[in-house]
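Chemist: Fold the following and give me the result.
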Amino acid sequence: MIVYLAKKHEFLDDVDSNRIEERIQAEFRRTHNHSVGASEKASWKNSLGFMQRILADEEIPHDSGVAIELSVPLSAKRIDFVLTGTSREKRQTAIIIELKQWTEAKPTQKDAIVRTYLGGAEVETSHPSYQAWSYAALLEDYSETVRTQRISLKPCAYLHNCADGSTINNPFYREHTDKAPAFLQADAAKLRAFIKEHVKHGDSGKVIYQIRDGKISPSKNLADSLVSLLQGNREFLMIDDQKLVYETALQLAGIATPKQKQVLIVEGGPGTGKSVVAVNLLVALTARKMLTQYVTKNAAPRGVYESRLTGAFKKSHISNLFVGSGGFTETPPNTFGALVVDEAHRLNEKSGLFMNLGENQVKEIIQAACFSVFFLDENQRVTLKDIGSVSEIMRWATATGAKVSRLNLESQFRCNGSDGYLAWVDNTLQVKKNANPTLEGIDYDFAVCDSPNELRERILQKNAGRNKSRMVAGYCWDWKSKTDGKSPDIEFPEHGFSARWNLTADGPLWIIKPETVTEIGCIHTCQGLELEYVGVIIGPDLVVRDGRIKTDPAKRSGQDSSIKGFKKRLSENREAAEAATDEIIKNTYRTLMTRGQHGCFVYSADPETNAYLKAMASRKRSIATVEPTAYPGLPLRILDGAAAKPFINAVPLYDLQVAAGAFSLEQSVGDCAWVELPDAFTPRKDLFVTRVVGESMNRRIPNGSWCLFKRTPAGSRDGKVVLVELLDRQDPESGGRYTVKVYRSQKQPTEDSWEHTKIILKPDSTNAGFNDIVLEPSETESFKTIGELVAVLGKD
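Modeler: Reported below is the predicted structural model:
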């Protein structure tokens, strides 16, 4: 996918006429189903103005191709700027240019990582040369056309606002600048020379068309590449946030000691490369002679990995590398240099066959190693016993005196790199509400089948040849074939369909055995693994009634241990029990529907549910694509597409209950809905709308109210109602990261100014049961004030 494509002379004209950003914005909206924020639009205008001056050279062919925002196949990554043509030797060439607005950068001790200001804060990020080179390498890895047509890729970076090159061209980063030179503010002539060195003749964009429309190589599978990885070969190129996580983990492992343990928490959704980074860390740390193990509770990936490694490594070696999460109950403290915990959301409290051993798996893992890294996605907790969460890990890390670091993985490499498909799944299953709940323009093979036979036939067709497609289902049918191998488990008599669960002789290896394609797996035998295509049968535990998802744990098979103990919980606290099982059932189908790298086919025997899925899959974008029920009680009109003019006629609506990572003032339009304000308020860049849930502020803000906030201005906040992000604790009422309270501060004078002695976040409620949140001076960095209340706009 390309957002903008033109010949060089057309690009120059578009920049001259000041219409370049509008053309890019319009095409971006058409191809990505959402617009972009004002900051990104401004960065386009700024950077492309510099590129215009670079290309305004008669020796650069006027019919060279110019492409902007070229998508890297099978990923969510986009290349900023590509210039194409042919070299003196008549070889087709694409110059890949990573554009940066940076004014400065600072070095780190991590390979290919620098520090710079992004989104208003100094952060660690990839060196621009590494980023440009890695994108070119990905393009070559994934594009069969690039390789077979011998298209020459020449990456570089252009930091047109950066005058000081002491960091960017530091010898520490020479390996990367040698592969992709970095050009600074004063290097316009050098960049022109670089372009003219590699592009002598034009091509009218033909090279880009070949790259865009060419054949894509099948994406790599971790299990298939495991032997080569453990032998020290590069199989997966880590980019951007993956590289940062990898290098940070290596650094923390190197400084961790028994007296100062280090814990790294890495959050990432499906397909963000958690397992790839985890296995690469296992290899790297082991190579550094550090006693390291890869830990996962899920037996399925461990079984598949062992199968792939058998014959290449001794069984004892394999067993020492890949272990379950319950084996640390008796491990002496600091036995391991590092433990790499994958699928950490699946950790349990107790261990052993009867769940009667140990105290807490999180605690025991942290105690057993000087350094532990936990990869998790809280939306993939699929049993009542799953305790893996950020708060649980932080609780035990604090208790053991460990220092905690947190990072996020966002680079999408599953579902054809489509963040849009993942958002659609969340919206459709009503896990999270999104402002653009359609599949329109999304490059992912999704279909709702009219029968289980159709679903099976689709999977059989996709599986032919590569054996990487399987059927899965919710665990709503008893496992009768366990005792009677000939007995079918899953039956739809009205369709003449029957099949068996996979849980027979092959166990977790069903996902790779060719003859098991007609069997059906469940969450327990596919979580942690990936397929090319997945067929999902939705059971009666999840149905749709009047447009709302309804879950029923009673429809699960009695043999399923995922919700064991539900009835007891129901008698103790019905509301909490129903909420917990609702989350588990939705998470289960979310996980199943995101196992496929290239496609997903779905079938539900419930007619209304199947009809709902079809409607959600086929719906188109409109001015107001959000269901009224998505934002209950919202008194504002939601705008979409061309109707939304950010901060001119609309302000962003944020759902902070589902926000990932730190709240960012630079969040893109695609992360939120846009709403009109009442006539009494004028849209401004410092305004946003969000919903306040709970009773702790009910004197001022009724539960469920939609409120207008302004981003926190300078000056005193004392006595104001503020929205606060809690970085190291949770709101006592909601358990979430965000809270709304009255801000109070106690100060004392210093020689030069003053300092806080205490910050108090006070509830204002008719309910006397709410307590103050008190922050001591040592905790001043553990919270961030996001905004100040302007008005309550409406409620349920």
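
Chemist: Now that residue 507 has come up, it's in contact with residue 306, right?
Modeler: No: look at residue 507 against residue 306 with C-beta atoms under 8 Å: they stay out of range, at 11.1 Å. For every residue, glycine as well, the C-beta is placed using N, CA and C.

Chemist: between these two, who's got more neighbours?
Modeler: Legend: neighbour count by other C-beta atoms under 10 Å for residue 507 and residue 306, higher for residue 306 (18 against 13).

Chemist: Let me know the helix or strand that that one is in.
Modeler: helix 299-309 (DSSP states H and E).

Chemist: Contacts for that helix, please.
Modeler: If you take C-beta atoms under 8 Å, 6 or more residues apart in numbering as the criterion, helix 299-309 is touched by 223-224, 226-227, 230, 275, 296, 318, 322-324, 342-343, 507-509, 511-512, 524-529.

Chemist: if we go to 7 Å?
Modeler: 223, 226-227, 296, 318, 322, 324, 507-509, 511-512, 524-529 (C-beta atoms under 7 Å, 6 or more residues apart in numbering).

Chemist: Would you write a PyMOL line that selects the buried entries of these?
Modeler: To isolate the buried subset of those in PyMOL, counting by 16 or more other C-beta atoms under 10 Å, use the following:
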select buried, resi 223+226+227+296+318+322+508+509+511+512+524+525+526+527+528+529
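
Chemist: still on that earlier bit, mean confidence for the helix holding residue 306?
Modeler: Averaging pLDDT along helix 299-309 gives 80.

Chemist: do stretch 209-216 as well
Modeler: Mean pLDDT, stretch 209-216: 81.

Chemist: If you count neighbours, what's buried in that stretch?
Modeler: For stretch 209-216, by 16+ other C-beta under 10 Å, it's 209-212, 214.

Chemist: So which of the contacts of helix 299-309 are in helices?
Modeler: 223, 226-227, 318, 524-526 (DSSP state H).

Chemist: which residues does residue 545 bridge with?
Modeler: Beta-bridge pairing for residue 545 (DSSP bridges): residue 548.

Chemist: which residues touch stretch 135-153?
Modeler: Against stretch 135-153 from outside (C-beta under 7 Å, 6+ apart): 72-75, 77, 79, 87, 91-94, 96, 155, 207, 210-211, 214-217, 237, 239.

Chemist: Residue 214: what's it in contact with?
Modeler: With C-beta under 7 Å, 6+ apart, residue 214 has these contacts: 143-145.

Chemist: and it, how far is that from residue 138?
Modeler: 14 Å (C-beta to C-beta, to the nearest Å).

Chemist: Which residue is the nearest non-sequential neighbour of the residue nearest the centre of the chain?
Modeler: For the chain, the residue nearest the mean C-alpha position is residue 410 (3.4 Å; C-alpha atoms, centre = their mean). Computed as C-beta to C-beta, 6 or more residues apart in numbering, the closest residue to residue 410 that is not its neighbour in sequence is residue 241, at 5.6 Å.

Chemist: Tell me which residues are up against the helix or strand hosting the one you found.
Modeler: In this assignment (DSSP H and E), residue 241 forms part of helix 240-255. With C-beta under 7 Å, 6+ apart as the test, helix 240-255 has contacts from 109-113, 124-126, 131, 238, 262, 264, 266, 273, 277, 280-281, 284-285, 290, 337-338, 371, 373, 405, 407-411.

Chemist: In helices, which of the residues you listed fall?
Modeler: Counting by DSSP H, those place 131, 277, 280-281, 284-285 in helices.

Chemist: Can you tell me which of these is nearest residue 520?
Modeler: residue 277 (30.5 Å; C-beta to C-beta).

Chemist: what residues go with each domain of the protein?
Modeler: 2-213, 222-409, 415-618, 628-794 (automatic domain parsing).

Chemist: mean pLDDT lowest for which of those?
Modeler: It's domain 628-794: among the domains of the chain, that one has the lowest mean pLDDT, namely a mean of 75.

Chemist: Pull the distance from it to the chain's centre.
Modeler: The chain centroid and the centroid of domain 628-794 are separated by 24 Å under C-alpha atoms, centre = their mean, to the nearest Å.
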